[in-house]
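Peer 1: Fold the following.
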Amino acid sequence: MNKEIVINEKRLLESFLELAKINGPSGSEKPVADFIVPILEELGFSIQFDNAHKNFGGDCGNLVAYWEGTDPTTTPLFFSTHLDTVLPTEGLQPIIRNGVIYTDGTTILGADDRAALAAYLEGIRVIQESGMACGPIELVLTVNEQPGLVGATYLDYSKVKSKDGYIFDSSGDIGQIIQRGPFSSRFYCEVKGKQSHIGLNPEEGINAFQIAAKAILDLKLGQLDPDTLVNIGTIHGGEMSSIIPGEVELVGEIRCFHKDGLDQQIQVIKDVMTNAAESYGGEAVVRIEKKYLGFHSPSDSVLVQNAINAAENIHVEHYVTRTLGGADTNVLNENGLNCITLGNGFRNIHTVHEHISVENLNNGARYVIGLVDEWYKAHRC
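Peer 2: The predicted structure is shown next:
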């Protein structure tokens, strides 16, 4: 940008607060879509919805919006985020205190990820109002992200014209550039002992809880090293206090930056579960479910360098990093879209203490403009 383009901070804040108040949790995003479609149409975007929601009983599909920009011949750039939030959201009341946006403490705020949506809309508005030259801009707005990137998994990728883009969806401040995300698999361990009554035939029982307990103690859990996380998140089993439990199910997941590391941990879990069960005369069956693949955009890649240059141009501190957190970024990359995650500045997400600074909200919109400008300068004919 030859000269700094100024965002409308008041309009951006009002836009975010309006979006935050919309009750649109996972699977019920239609009110959010209904709110933003007229805005996008007024900005000249063509609108498409897919039928992803039919796979999980939602009320709205993924939204794909495309604007040709001032130079339709240039390589397009997409921005993605999700329309849903976690609960609770009913009666959400934002409160601004010392430059930070909170709620009244009874709901989440939904800055994850309505802050990204507000930033995209303001950035695009300012680009158009200023007459800034740019190529096509596409928005890929997914549904049902919070339960496990479900909307992105069922996205109709034939509707997306762009191949490169950014997703503002991380707790780092604006300027955080995430070039690498993990591979992840969920595991289900069905532990089988032998059910019996403690008062009538206790000698015949094999307590499945004891098998599970031994396996948990023998497994290494938490962050095993800088590249790997293993967690057991739920345990289900048992019927009555007077019955020795014959079955229990453990559910957990593995995240690792390397596919071979993920596979090694899967084998470790299978071995530990089998050995624990055999030591008590029981049985263990382990089932693996792939969650998503990892992604890696090298430091010298076009996306990373574009993000660095844009951050420098808007004068925010930047750093390139990686995360073991999952995002739509993983699934979009898996399906042929080249994208990375960027910091969005929200804090304490999925809790009633969630908040975001007005500064990060403003920098988000400024960053959108900077990213579009840098992309156009590098890709115009």
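
Peer 1: burial measure for residue 376, as a count.
Peer 2: 22 (other CB atoms under 10 Å). (Glycine included, C-beta is placed from N, CA and C.)

Peer 1: what comes up buried for the helix or strand where it lies?
Peer 2: Residue 376 is part of helix 358-379 when elements are defined by DSSP states H and E. Across helix 358-379, burial judged by 16 or more other CB atoms under 10 Å covers 358, 360-376, 379.

Peer 1: Mind giving me the packing neighbours of it?
Peer 2: Here helix 358-379 touches helix 9-21, strand 77-82, strand 100-103, helix 111-130, strand 164-168, helix 302-313, going by 3 or more CB pairs under 8 Å, 6 or more residues apart in numbering; DSSP states H and E.

Peer 1: Just the pLDDT for the residue lying closest to residue 5 once chain neighbours are set aside.
Peer 2: Distances taken as CB to CB, 6 or more residues apart in numbering put residue 130 closest to residue 5, at 4.9 Å, once the chain neighbours are dropped. The model reports residue 130 with a pLDDT of 96.

Peer 1: Hmm, residue 130 is touching residue 4, no?
Peer 2: No - taking contacts as CB atoms under 8 Å, residue 130 lies outside contact range of residue 4: 10.3 Å.

Peer 1: who's in contact with residue 309?
Peer 2: Shown in contact with residue 309 (CB atoms under 8 Å, 6 or more residues apart in numbering): residue 374.

Peer 1: Please identify the helix or strand for residue 233.
Peer 2: strand 228-237.

Peer 1: Surely residue 61 is within a strand?
Peer 2: No - under DSSP: H, G, I helix; E, B strand; the rest coil, residue 61 sits outside any strand and is assigned coil.

Peer 1: Could you list the domains of this protein?
Peer 2: Following automatic domain parsing, one gets these domains for the chain: 9-181+295-379, 184-292.

Peer 1: Which stretch among those is buried most, on average?
Peer 2: Across those, the average number of neighbours (mean count of other CB atoms under 10 Å) peaks for domain 9-181+295-379, which reaches a mean of 20.

Peer 1: Report the distance from that domain to the chain centre.
Peer 2: 11 Å (CA atoms, centre = their mean, to the nearest Å).

Peer 1: First residue to last residue on it, what's the distance there?
Peer 2: Using CA to CA, to the nearest Å, one end of domain 9-181+295-379 lies 29 Å from the other.

Peer 1: send the alpha carbons of stretch 67-82 over as PDB?
Peer 2: In PDB, the C-alpha atoms belonging to stretch 67-82 read as follows (Å, rounded to 0.1, in the frame of the first residue of the first chain):
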ATOM      1  CA  TRP A  67     -16.000 -11.200  -5.400                       C
ATOM      2  CA  GLU A  68     -14.000 -10.500  -8.500                       C
ATOM      3  CA  GLY A  69     -12.100  -7.500  -7.100                       C
ATOM      4  CA  THR A  70     -10.800  -4.800  -9.300                       C
ATOM      5  CA  ASP A  71      -8.700  -7.200 -11.400                       C
ATOM      6  CA  PRO A  72     -10.400 -10.500 -12.000                       C
ATOM      7  CA  THR A  73      -7.400 -11.800 -13.900                       C
ATOM      8  CA  THR A  74      -5.300 -12.000 -10.800                       C
ATOM      9  CA  THR A  75      -4.900 -15.200  -8.700                       C
ATOM     10  CA  PRO A  76      -7.800 -15.200  -6.100                       C
ATOM     11  CA  LEU A  77      -7.200 -15.300  -2.400                       C
ATOM     12  CA  PHE A  78      -9.600 -16.800   0.100                       C
ATOM     13  CA  PHE A  79     -10.300 -16.100   3.800                       C
ATOM     14  CA  SER A  80     -12.000 -18.800   5.900                       C
ATOM     15  CA  THR A  81     -13.600 -19.000   9.300                       C
ATOM     16  CA  HIS A  82     -16.500 -20.900  10.900                       C
END
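
Peer 1: Now do it, average pLDDT.
Peer 2: Here the average pLDDT along stretch 67-82 is 97.

Peer 1: what does stretch 92-109 give?
Peer 2: Stretch 92-109 comes out at a mean pLDDT of 97.

Peer 1: Provide a list of residues in contact with residue 294.
Peer 2: Counting by CB under 8 Å, 6+ apart, residue 294 has contacts 180-184, 256-259, 330.

Peer 1: Quick check: the farthest pair among those residues?
Peer 2: For the contacts of residue 294, the maximum inter-member distance is 14.3 Å, found between 258 and 330 (CB to CB).

Peer 1: Distance of residue 140 relative to residue 50?
Peer 2: Using CB to CB, to the nearest Å, we find residue 140 at a distance of 10 Å from residue 50.
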